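Chemist: Predicted model and sequence follow; I will ask about them next.
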Amino acid sequence: MELDASVNSDDRPAQGSTARAYRSRAWYAAYMEALFEPQRNLIGERIKLAEHLIIGRERELSGQRSDPVEQNALTTALHALHALRTCLGV
């Protein structure tokens with residue numbers, strides 16, 4: 001999945017970006033790839049990677065004033081990945 005050009009090399013949204021700038025982050029790309037992976041044998045690894053990146057981003061944001069929209073998206077993504085893992089038994 002291609003990342004948006006509005007991301008700086010250190011993965012911070014460029015100034016003036018939209019409220020949904022998190023969509024250009026690596027965790028979001030991995031999350032989307034996990035949700036839409038067509039090969040069942042790869043879904044488990046996609047989910048693990050997405051979870052790893054999401055948890056890493058949550059740690060990065062802890063203790064600092066963060067975007068509540070991204071925080072909500074991170075929580076929602078983790079819940080969705082857990083549901084997908086449970087439904088598919090991976």
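Modeler: Arrived safely, thanks for sending. Residues are numbered from 1 along each chain as shown.

Chemist: CA only for contacts and neighbour counts going forward, please
Modeler: Fine.

Chemist: Secondary structure class of Arg65, three-state.
Modeler: coil (DSSP: H, G, I helix; E, B strand; the rest coil).

Chemist: just the one 5 residues further on next, same as before
Modeler: Here Glu70 is helix, with the state taken from three-state DSSP.

Chemist: Can you pull the poorly scored residue ranges out of the chain?
Modeler: 1-19 (pLDDT under 70).

Chemist: what do you get if the cut-off is 80, keeping everything else the same?
Modeler: Residue ranges of the chain with pLDDT under 80: 1-19, 66.

Chemist: how deep is Trp27 tucked in, by neighbour count?
Modeler: 22 (other Cα atoms under 10 Å).

Chemist: quick one: what helix or strand has it in it?
Modeler: If you go by DSSP states H and E, Trp27 is part of helix 26-35.

Chemist: Give the other helices and strands that that helix contacts.
Modeler: Applying 3 or more Cα pairs under 8 Å, 6 or more residues apart in numbering; DSSP states H and E, one finds that helix 26-35 contacts helix 40-61, helix 68-88.

Chemist: Run the angle between it and helix 68-88 for me.
Modeler: Relative orientation of helix 26-35 and helix 68-88, computed by axes from the mean of the first three to the mean of the last three Cα atoms, to 10 degrees: 30 degrees.

Chemist: Distance from helix 26-35 to the middle of the chain?
Modeler: Helix 26-35 sits 5 Å away from the centroid of its parent chain (Cα atoms, centre = their mean, to the nearest Å).

Chemist: Please apply the same query to stretch 59-71.
Modeler: 13 Å.
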